[in-house]
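In: return a 3D structure for these sequence lines:
(one chain, ligands or ions: 2)
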Amino acid sequence: MEDYKRVLDHPLIQHKVSLMRDKETGTKDFRELLEEISTLMAYEVTRDLPMKEIEIETPICRTKTRVISGKKLAVVPILRAGLGMVDGITKLVPAAKVGHIGLYRDPESLEPVEYYCKLPPDVGERDLIVVDPMLATGGSASAAITFIKRRSCKSIKLMCLIAAPEGIEKVHEDHPDVPIYVAVVDDRLNEHGYIVPGLGDAGDRLFGTK
Ligand code: PRP
Ligand code: URA
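Out: Ligands and ions are numbered 1, 2, ... in the order given. The predicted model follows:
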């Protein structure tokens, strides 16, 4: 497998993605499943965080032990659907800051349109995890990463639930320095730019807007 593409095919993740795909799964379960999967994925996405040794005293003796060191984290959801992944990550990394990027995909051109951007002031000194459940054409994720890079961020990872091969290629072509973590790579896009088989419109299913 290419080094930039990490498919997290743990049975728990795969099982929960299957439940989310089912069109009978309602908003409450969809939301809970997305949060749970985000926690499971965050465990892998943070695997290479730098560590340092400290000295502490247990009830038994003094000992050296390891804790996370280095740069701090920020999670950047792409609105709207990326919001559903934030709590699952901050549960594991409560000190992470959260930035927001608002993008929607123009239904005709499928081009991303930015409508909001608010990032932590020290974002350039943080490791960033950009999150969005769907990576379809890759236009939204690639544009979000471009906006973030303009604010001098260098350490960026992308974490998505379901990706189309086209989306992975687009992001990799535009941002070869950004590793892409996904739970599943699906077959293709349909003529409306939806992932097949996918799970439909993630934002609408998450917020019950359709
Ligand atoms: C969805 C999804 C991604 C984007 C993926 O958002 O959450 O952001 O489409 O498509 P792309 O890879 O082709 O750009 P959408 O534009 O539907 O907005 P929403 O989250 O506000 O519903
Ligand atoms: N956005 C979604 O929410 N779903 C898709 O399949 C593609 C883009």
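In: what about the protein, any weak spots by pLDDT?
Out: 1 (pLDDT under 70).
In: other SSEs contacting the longest helix anywhere in it?
Out: Secondary structure of the chain per DSSP state H: the longest helix is helix 27-45. For helix 27-45, the contact count by 3 or more C-beta pairs under 8 Å, 6 or more residues apart in numbering; DSSP states H and E identifies helix 11-21, helix 86-90, strand 126-131, strand 156-163, strand 180-185, helix 202-207 as packing neighbours. C-betas here are computed from N, CA, C, even on glycine.
In: again, only using 7 Å
Out: For helix 27-45, the packing partners by 3 or more C-beta pairs under 7 Å, 6 or more residues apart in numbering; DSSP states H and E come out as helix 11-21, helix 86-90, strand 156-163, strand 180-185, helix 202-207.
In: closest one to ligand 2 among the ones you listed?
Out: helix 202-207 (3.8 Å; C-beta to the nearest ligand atom).
In: could you pull up the residues touching A183?
Out: By C-beta atoms under 7 Å, 6 or more residues apart in numbering, A183 lies in contact with L8, I13, V17, I37, M41, L161, I162.
In: can you check E44 too?
Out: L8, Y181.
In: kindly recompute the last result at 8 Å.
Out: R6, L8, H10, Y181 (C-beta atoms under 8 Å, 6 or more residues apart in numbering).
In: please name the nearest non-neighbouring residue to the first one.
Out: In other words, R6. Y181 (4.8 Å; C-beta to C-beta, 6 or more residues apart in numbering).
In: count the neighbours of that neighbour for me.
Out: 21 (other C-beta atoms under 10 Å).
In: before we move on, what about the one 5 residues further on?
Out: Here the count is done by other C-beta under 10 Å, and D186 has 20 residues near it.
In: relative to ligand 2, how far out is it?
Out: Distance, D186 to ligand 2, by C-beta to the nearest ligand atom, to the nearest Å: 9 Å.
In: now that residue: how far from I89?
Out: Going from D186 to I89 by C-beta to C-beta, to the nearest Å gives 23 Å.
In: with T25 instead?
Out: Counting by C-beta to C-beta, the gap from T25 to I89 is 22 Å.
In: which residues of this protein lie near ligand 1?
Out: Contact residues, the chain versus ligand 1 (C-beta under 6 Å from any ligand atom): 78-81, 104-105, 110, 112, 132-141, 167, 193, 201-203.
In: which of those residues are close to ligand 2?
Out: Applying C-beta under 6 Å from any ligand atom, the subset of the residues of the chain next to ligand 1 adjacent to ligand 2 comprises M134, A136, G193, D201, A202, G203.
In: how close does the second one get to L189?
Out: Right, A136. From A136 over to L189 the distance is 6 Å, taken as C-beta to C-beta.
In: got the residues of the chain near ligand 2?
Out: So the chain meets ligand 2 at M134, A136, G193, Y194, I195, G198, D201, A202, G203 (C-beta under 6 Å from any ligand atom).
In: sorry, back to before: just the buried ones from the ones next to ligand 2 among the residues of the chain next to ligand 1, in PyMOL syntax?
Out: In PyMOL, a selection of the buried entries from these looks like this (16 or more other C-beta atoms under 10 Å):
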select buried, resi 134+136+193+202+203
